[in-house]
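>>> Following is a predicted model, sequence given first.
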Amino acid sequence: MSLVSGLTSNSTSELALDVSDLSWQVDGRSILSHINFSVSAGEMLGIIGPNGAGKSTLLRCLYRYIQPDCGKIQLFERDIADFTSKAFAREVAVVLQDTPQHFELTTAQLVAIGLTPHKGPFGFTNAADRVLIADALEKVGLTDKASQCYEHLSGGEKQRALIARAIVQQPKLLILDEPTNHLDIRYQIQIMELLHSIGITVITSIHDLNLASAMCDSLLLLEAGKGIAYGTPQQVLTEETIGQVFGVCAQISQHPQHGNPQICYYYGYENGYENGYEKGHMKGHKNGFLKGDDNSDNKHHGHLGENHD
Ligand SMILES: Nc1ncnc2c1ncn2[C@@H]1O[C@H](COP(=O)(O)OP(=O)(O)OP(=O)(O)O)[C@@H](O)[C@H]1O
């Protein structure tokens, strides 16, 4: 059980999203192949993997920007292709890395766009909407920026405003591509805790493995478009897997607060993981393990399919 209040799982047994055998290729090159995973309602799934692994592409399939070549994506047991655009927008909100230009809008007006799927063609913002907007701005720490021009916000403030817009949208599934990218450490933790606590099913790509370990109920590890490991942070974040997939040497311990894996990275890899482990202070590390460190029970938990050597 988590020691951190607010980090206990909200997940229920109801299936929010089910992805089976999803593949996509472009110009004859396979970008995603045979991806399988599911997310329970209220769960937070982190999609991790090296640059170019296919994280953003997978998310694009989930929010219908890309149509996969094969496979099935079901949202609450309904094929996502069966939703009208407006119905899909009521169910799914998306926060992307590249913030579009909104030159003319204040922060509050930007957040109000989240209400659009719930409004008729001439729907005006009413008092209840204004409460929702104020509440979302407060949650992301932007109350004092409500009247400021959105374009004049910092990168991290823009990111938080986009998250507030997604909260106002009241989706059942929230998809985020690297939401912590522009955020300082305080807001990285605060925003991930917020996403974890709002009771919405969340799927997010994330590079910071320690943050993913602390905040996500489950993780899907991609490499070169394939699902390599899928399960709890304990099952996915092993020294061996991190060594093999990211090419770095890591030592894993239990985080003193939340109990999930805490990753300590080693430096000195000018020649890469394969050749670097005998150099300097790296002596004594091999294949991602400290000599004499018997983690063998842990090695293959969470692996999908064959070993990866
Ligand atoms: N429309 C496209 N046409 C050609 N190649 C594409 C297209 N979309 C994605 N790719 C390729 O697919 C691979 C996966 O890209 P993707 O952006 O999904 O990776 P990622 O895991 O999100 O990477 P990063 O961590 O760097 O953001 C990359 O090699 C990318 O060049």
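The structure has been received and is ready for your questions. Everything numeric here is computed off the predicted structure, so don't read it as measured data.
>>> From now on I want contacts and neighbour counts done on CA atoms only, so please keep to that.
OK.
>>> correct me, but residue 237 touches residue 261?
Yes: contact criterion C-alpha atoms under 8 Å: residue 237 and residue 261 qualify, at 6.8 Å.
>>> list residues touching both of those two?
Here residue 237 and residue 261 have residue 213 as joint contacts, going by C-alpha atoms under 8 Å, 6 or more residues apart in numbering.
>>> Between those two, point out the one with more neighbours.
Taking neighbours as other C-alpha atoms under 10 Å, residue 237 and residue 261 compare with residue 237 leading, 28 against 24.
>>> Give me the neighbour count for residue 139.
17.
>>> quick one, what contacts it?
Per C-alpha under 8 Å, 6+ apart, neighbours of residue 139: 164, 194.
>>> separation between it and the ligand?
27 Å (C-alpha to the nearest ligand atom, to the nearest Å).
>>> How about residue 142?
27 Å.
>>> so that residue touches residue 161, yeah?
Yes: contact criterion C-alpha under 8 Å: residue 142 and residue 161 qualify, at 7.3 Å.
>>> where do the strands sit along the stretch 1-150 of the chain?
Taking DSSP state E, counting those that start in this stretch, the strands of the stretch 1-150 of the chain run over residues 15-26, 29-40, 44-48, 70-75, 78-79, 92-95.
>>> right, I mislabeled it, should have said the stretch 151-300 of the chain
Counting by DSSP E, counting those that start in this stretch, the strands of the stretch 151-300 of the chain are 173-177, 201-205, 218-223, 226-231, 250-254, 261-265, 285-286, 289-290.
>>> any idea which residue sits dead centre in the protein?
Central residue of the chain (C-alpha atoms, centre = their mean): residue 204, 1.7 Å from the mean position.
>>> returning to what we had before: settle it for me: which of residue 142 and residue 161 has more neighbours?
residue 161 (26 against 22).
>>> give me every residue that touches that one.
107, 110, 111, 137, 140, 142.
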